[in-house]
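Enquirer: what follows is a predicted structure for the sequence shown.
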Amino acid sequence: MSIVANENTRVVIMGGPAAVSAAKRMAEFSYLCGQEFQVTAFVFPPDAGKTAEVPFGSQFLAIPIYKTLEEVTTAHPETNTCLVYIAPNRAYKGCMEALDNDKIKFVSMITEGVPERDAKLLIKHSKKVGKLLNGPSSIGVVSAGKSRLGVIGGEYHNLKLSKLYRPGSFGVLTKSGGLSNEIMWLVSQFADGVTTTVGIGGDTYPCTDFVTYLEEFEKDPDTKSVIIVGEMGGDLEEKAAEWYAEKPRRIKLIAVVSGFCQESLPKGMKFGHAGAKEGKQGEGSARAKSDLLKKAGVIVPSTFGDLGETIKKTYEDLKATGQAAVVKDISPSDLPDLPLKIEEAVTAGDVQVQPLFKSTISDDRGDEPLYCGYPASELIQKGYDVPHVIGLLWNKKLLSNSEAEIVKRILMLAADHGPCVSGAFATIMAACAGIGMSQSVAAGLIMIGPRFGGAVTGAATHFRYGLQNYPNDVPGFLSYMKKNVGPVPGIGHRVKSLKNPDKRVEELKRSVKELGLRTPTLDYALSVEAVTTTKKDNLILNVDGCIACVLVDLGFPAESLNGFFVLARTIGMIGHWCDQKREDGKLIRMYNYLVNFAVSRRKEVPERQK
Amino acid sequence: MAKVLEGPGMEIFNKWGIRTPRHVVISTSEQIESLVQSNQWMRECKMVVKAHEALGSRMKLGLVKIDLDIDQAVLAAKEILGREVQGLVISQVIIAEMLSHDEEYYLAVTSNREGAEILMAKFGGIEVEDNWEKIARTFVEVGEKPTDSQLEKCAKDAGFTGELIEKMKKFASRLYECYDNEDGNYMEINPLIINPNDGKLCALDAVIILDGDAKFRHPDWNFSFASEFGRSYTEAEEQIMEIDSRVKGSVKLIEIPGGKVALLPAGGGASVFYSDAVIAMGGTIANYSEYSGDPPAWAVEALTDKVCSLPGITDIIVGGAIANFTDVKATFTGIISGFRKAKEQGKLDNVKIWVRRGGPNEAVGLESMRKLVDEGFDIHVYDRYTPLTDIAKFALKGEDN
């Protein structure tokens, strides 16, 4: 058996992320003990209606979150225990709600920093309704092999080491959370383990005192001995001594009290938990408590260090008198391990995972992103620029200074072409409809294709083809194009001509010459232009074609080239979006007179066939 | 718990209709001149000037001057302000109206598990300590108010007669109101006197301990809390308190001058057992500290720095039980970087470090401590298989198991 919590315990936890963390620890315990999970629900109004994910072995449970405790006990009437994981300013209200709920039989409160007045009112109310309220500041309760309320017991490894997967013969009561773990570990080493351990909390006024739990342990036939870890301050240890001395008790009581150091310290100096405070007349000192406990027949080791031996001796006595539980120990290999998380398993080299995809250009697993292996900050420190990053991420090459300069100039020349072109216009329409930046810019980008800005890749592909297959035969190339493709992409402009040349093209041609770059594709395209312009004045090498040739000559793969237009125009589109936003551009509606309504006249709709 | 100095304490009393002498709190003697303009009484009454600091036995230390006119009060304030007492520079004085009186009484409200006790005595001052058993007491359950008849009985039990009974009843019920509404833990008036000017009861002193945990519902608590142990906080203690107030979990430090063994343990429970163990072995502790509730590594590092800086220490005890959720590896990372810095600054020359710990990530955490040996630390590391406080024994013996 056990006290307070057992295999029938079903728990609701009040609170947010801390409550879910506690539930995860509780799930580990249930998994270790081969039980079903005991948490039925959470109460956390901000997330009401959602579920919280709790790993259970290799599964993930979805535990519902409710707004009120009432809803939980209606939907999950088996719920009988409530854990309070909420902030001190709301914990009082939460506890009162739990105490007033008929289904809830036991409440445990981890909240630290609960005002004393609130704790005292809770003590009064819990007595009135006849329920046990554990805490505040309680690490929780664990009944070995049966139930865990809160994070008491620590990590999975420790649950196993301290044999919390099966009951022993000892009960434990402590004010300190860390020491509850320590005592359970001692009991598992020097004796047969625990039945139930209760952290009652280190506040001045724990809502439930040692005596109340001692009464419970006295009624539990499986608990043969109880260990109390007390502290100076308050009178809970004195009351426990009184209780033990009152009449012969079945359980053997062991107690240690901390705070002897107080005797040799400056007066008034106060250590440890909130409740560890000596009274005005020296009452509540560690020595006074220890002396009273000894007098009451409690086994009191002289120091904490001797506790292990004391437990061992008590256990030997219990065995000798046939009182100790006959514990069939479970071999560690029969206990389940927690499934490894995939990251852990990969790190340990225990599994091989088929990757979803591979990436060859960047890596952000370290302290900063690497572009093709180069740290971004080092690129900056050594004076590299945006075009170098483009070169690395698009073509995995570190550009030379002249190449970078050309890329920069291409971006500058192609950044915008006024508000009327398809891309900018689409962005402006979206902006004026109140659409956000990324969607509006995306609307503009969608326009980029075979007729708008998308000729770069095509021009590059064909001029390169011409250079390779018709190197000294422009007419041959042109007849190939006419037969297989149609008009040459990159040649021709609606308004520009030989007499009215495109300034951007002139600038680019000048740039590559000035920087002394080798430009075989551009030269080839110009020789094509020399032929086409003899046929028609406006069949010139346009800006798309020029950009295409220059970039091919820089070694960029043809499929990346539309990217330069996409990237450059994004600058302009963002500008147009910001402009419309700033100017509060009104919703655009097409004018009827700009549409040729070449439609049927109005006519009657025939009846639908039955 | 949180102690409130006399000045803000009297403001709290006044808020609940508890009369106190007229008073001002100043931090420079020049302030007196401007205050005299708006405080007529400072020109007409005799005054008391007291150091306004968390110091015990102010009278003995010469930090209380009585029966002063305005010029003498200025001189007294000048004399007291800036004086260094027990390592503390006095930065404020309280100047109060001096009220002559024949009799002194005592009134207090003290908290207990079920509610509170109201204490009354027909004597005050130092007589209280010696006549503790003669004090009349009455219990008030939490959430209730004292009844008229119980206060009457208490006043009569304390020996009050005639119209004083009524006065004490009214005064006590106001003090209880104050205690109950202000989240008091302890409130004491000693002495309580009859003001000769108006014949009404008046609190000459205000000992107020509030529940610091209730601060969230008292936006008007605009004062800082004072130290409770007869000396003010040291700079290091204040820095750690400041960190403690803004991190998850807790870090705590109290310095104890002259101690040899420094403590850097985890947990409010285990830390006291470590203190006990050192003293039981005949050692002296240089501090009390504690970290718990999985505080961030940087907070633990700051605490480590303070602990390593304690003068004249021979050993540092990095103890701890088996943690529930405090990550041993993460908190040890903070301690280790604190140690490294301290070592560079020469603070750890001839200092032995003793470690014992368990809990989440204990293996990795302990291993990283063990590795400090390679960096020249005199460090001795134990795991959960060594009993909790044995490292205190090893430290005092100066040898390993």
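Expert: Looks like it arrived, so ask away. Only a predicted model underlies this, so the values are computations on that prediction, with no experimental measurement involved.

Enquirer: going forward, measure contacts between C-alpha atoms and count neighbours the same way
Expert: Noted.

Enquirer: which single residue in chain A comes nearest to chain B?
Expert: At 3.7 Å from chain B, residue A:154 is the closest residue in chain A, using C-alpha to the nearest C-alpha.

Enquirer: that residue and residue A:182, how far apart?
Expert: Distance of residue A:154 to residue A:182, computed by C-alpha to C-alpha, to the nearest Å: 10 Å.

Enquirer: please enumerate the shared neighbours of the two.
Expert: In terms of C-alpha atoms under 8 Å, 6 or more residues apart in numbering or on different chains, residue A:154 and residue A:182 are both contacted by the residues residue B:322.

Enquirer: on that earlier part again, pull the contacting residues for the residue of chain A closest to chain B.
Expert: When contacts are counted by C-alpha under 8 Å, 6+ apart, residue A:154 touches A:25, A:181, B:322-325, B:359-360.

Enquirer: from those residues, which is closest to residue A:51?
Expert: Set against residue A:51, the nearest of the contacts of residue A:154 by C-alpha to C-alpha is residue A:25 (17.3 Å).

Enquirer: mind telling me what element the residue nearest to the closest one when sequence neighbours are not counted is part of?
Expert: Spatial nearest neighbour of residue A:25, excluding adjacent residues (C-alpha to C-alpha, 6 or more residues apart in numbering or on different chains): residue A:151 at 5.8 Å. Using DSSP states H and E, residue A:151 falls within no helix or strand.

Enquirer: for chain B, longest strand please?
Expert: As assigned by DSSP state E, the longest strand anywhere in chain B is strand B:184-194.

Enquirer: ok, then the element right after that strand?
Expert: Following strand B:184-194 toward the C-terminus (DSSP H and E): strand B:201-203.

Enquirer: could you find the closest non-adjacent residue to the residue of chain B found nearest chain A?
Expert: Residue nearest to chain A within chain B: residue B:324 (3.7 Å; C-alpha to the nearest C-alpha). Leaving aside its sequence neighbours, residue B:324 sits nearest to residue A:154 (C-alpha to C-alpha, 6+ apart; 3.7 Å).

Enquirer: what residue ranges in the chain score low on pLDDT?
Expert: All of this is about chain A. A:267-268, A:270, A:274-282 (pLDDT under 70).

Enquirer: that's the other chain; I wanted chain B
Expert: In chain B the weaker segments, taking pLDDT under 70 as the threshold, are B:230, B:400-401.

Enquirer: right, is the helix or strand hosting residue B:392 up against chain A?
Expert: For residue B:392, the element it lies in under DSSP H and E is helix B:390-397. Yes. Helix B:390-397 lies within reach of chain A by C-alpha under 8 Å from any C-alpha of the partner chain, at residue B:390.

Enquirer: per the record, what domains does chain B have?
Expert: Using automatic domain parsing, the domain parsing of chain B gives B:22-97, B:105-217, B:235-397.

Enquirer: go through the ones you listed and name the closest to residue A:225.
Expert: Proximity to residue A:225 (C-alpha to C-alpha) singles out domain B:235-397 among those, at 20.8 Å.

Enquirer: and that closest one, how far out from the chain's middle?
Expert: 23 Å (C-alpha atoms, centre = their mean, to the nearest Å).

Enquirer: now do the same end-to-end measure for it.
Expert: Domain B:235-397 end-to-end distance (C-alpha to C-alpha) = 32 Å.
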